[in-house]
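> What follows is a predicted protein model with its sequence.
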2 protein chains.
Amino acid sequence: MAPTARRGPYFCGIDAAMDVVSGKWKSLILWELHHYGVRRFAELRRGLAGVSEKMLVQHLREMEEDGLVHREVYREVPPKVEYSLTDHGVSLNAALAPLGAWGTDRIRRIGADKIPVEP
Amino acid sequence: MAPTARRGPYFCGIDAAMDVVSGKWKSLILWELHHYGVRRFAELRRGLAGVSEKMLVQHLREMEEDGLVHREVYREVPPKVEYSLTDHGVSLNAALAPLGAWGTDRIRRIGADKIPVEP
DNA sequence: TGCGGTACTTACCTTCTGGTAAGTGCACTC
DNA sequence: GAGTGCACTTACCAGAAGGTAAGTACCGCA
């Protein structure tokens, strides 16, 4: 029940897009897949410092359901699964670009003290 | 402590922008203020069907802190407070436009059954 | 005199999100 | 034969987000 409780009726486009992007790691996953083209599960896990396996799986599943990422399973041992962006994923990433630029601007505005420094 | 617990170090621009937009009603508030230019508290409450006063105040306060909205208090009785977008708010709204377009497209894709129908 | 409207504030409660830690089955390496 | 890596799954738990309902202080209106 929980997995598909989302996707309610939307007020507007932003709403619909947000529903798909909201999730702590989704925009990072999008960016990672955009940057590398194709990535394996463990590669993503290592690429997104701090993500838990549970959340990575969950977000990837949701993004697959939403038609953003493609999941290719190779029936081998050890298991191999490759993730990549679909056309919708690519276009979403493009639509996020201006927002990213705005955010970069904001980081610059609020000062250099907010630059990523992990504890 | 809770009000300013956000604004952690950011991974990237998207992250920084999301931090500012995430909140159930924030994008709607942005849109409402963009559309009407200036709105009073009660006008916003009526415009955003379903929002609670608590969340509206809270979101407006955060957006004010983030430099997105301007709050103009008229010391009269009954009280009068006007909200409007700052330049940053306007530019954020512009940056959200492509995302909104993508979302509208998505709504069209996933079918007409998801069109806003409030219970 | 009581109701409605203004713009909030406060306390309490529920739901959702995300994190931790452990387990799974199989193959390769030391 | 113990340890490691692969791609997960499961159970449990903490904290954040958001909703409900009531209260505040003042005024205009009937």
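Good, I have the coordinates. Numbering: from 1, shown residues only, chains lettered A, B, ... in the order given.
> Could you pick out the residues of chain A near DNA strand D for me?
By CB under 7 Å from any atom of the strand, the residues of chain A that approach DNA strand D are A:40-43, A:53-54, A:57, A:61, A:71, A:73, A:78-81. Using the backbone N, CA and C atoms, a C-beta is placed for each residue, glycine as well.
> helix/strand/coil for the residue in chain A sticking out farthest from the centre?
Most distant from the centre of chain A: residue A:77, at 27.0 Å, with distances by CA atoms, centre = their mean. Following DSSP: H, G, I helix; E, B strand; the rest coil, the label given to residue A:77 is coil.
> for residue A:10, same thing?
Look at residue A:10: counting by three-state DSSP, its state is coil.
> Name the helix or strand for residue A:64, please.
helix A:53-65 (DSSP states H and E).
> That helix - contacts with which helices or strands?
In terms of contacts (3 or more CB pairs under 8 Å, 6 or more residues apart in numbering or on different chains; DSSP states H and E), helix A:53-65 is packed against helix A:26-36, helix A:41-47, strand A:69-74.
> ok, and the closest non-adjacent residue to residue A:47?
residue A:32 (5.1 Å; CB to CB, 6 or more residues apart in numbering or on different chains).
> got JSON lines for the residues of chain A next to DNA strand D, with neighbour count too?
As requested, the residues of chain A next to DNA strand D are exported to JSON lines (neighbours: other CB atoms under 10 Å in any protein chain shown):
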{"residue": "A:40", "neighbour count": "16"}
{"residue": "A:41", "neighbour count": "17"}
{"residue": "A:42", "neighbour count": "12"}
{"residue": "A:43", "neighbour count": "14"}
{"residue": "A:53", "neighbour count": "10"}
{"residue": "A:54", "neighbour count": "8"}
{"residue": "A:57", "neighbour count": "12"}
{"residue": "A:61", "neighbour count": "13"}
{"residue": "A:71", "neighbour count": "13"}
{"residue": "A:73", "neighbour count": "9"}
{"residue": "A:78", "neighbour count": "4"}
{"residue": "A:79", "neighbour count": "10"}
{"residue": "A:80", "neighbour count": "13"}
{"residue": "A:81", "neighbour count": "14"}
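> which among the residues you listed are in contact with DNA strand C?
Near DNA strand C, by the rule CB under 7 Å from any atom of the strand, you find A:53-54, A:78-79 out of the residues of chain A next to DNA strand D.
> was I right about residue A:22 contacting residue B:21?
No: using CB atoms under 8 Å, residue A:22 makes no contact with residue B:21, being 9.8 Å away.
> Next, name the residue at the spatial heart of chain A.
residue A:26 (2.6 Å).
> From DNA strand D, how far out is that one?
Counting by CB to the nearest atom of the strand, to the nearest Å, the separation of residue A:26 from DNA strand D is 16 Å.
> Could I get the pLDDT score of that residue?
At residue A:26, the model reports a pLDDT of 96.
> Which positions in chain A make contact with DNA strand C?
Checking chain A against DNA strand C by CB under 7 Å from any atom of the strand, the hits are A:2, A:5-6, A:22-25, A:50-55, A:77-79.
> Can you list the buried residues in the longest helix along chain A?
Longest helix of chain A, by residue count under DSSP state H: helix A:87-110. For helix A:87-110, the neighbour count (16 or more other CB atoms under 10 Å in any protein chain shown) marks A:88-89, A:91-93, A:95-96, A:98-100, A:102-107 as buried.
> between the residues you listed, which is nearest residue B:10?
residue A:107 (5.9 Å; CB to CB).
> And for the residue nearest to the centre of chain A, nearest residue in space, chain neighbours not counted?
residue A:59 (5.4 Å).
> and that neighbour, what is it in contact with?
Listed by CB atoms under 8 Å, 6 or more residues apart in numbering or on different chains, the contact set of residue A:59 reads A:23, A:25-26, A:29.
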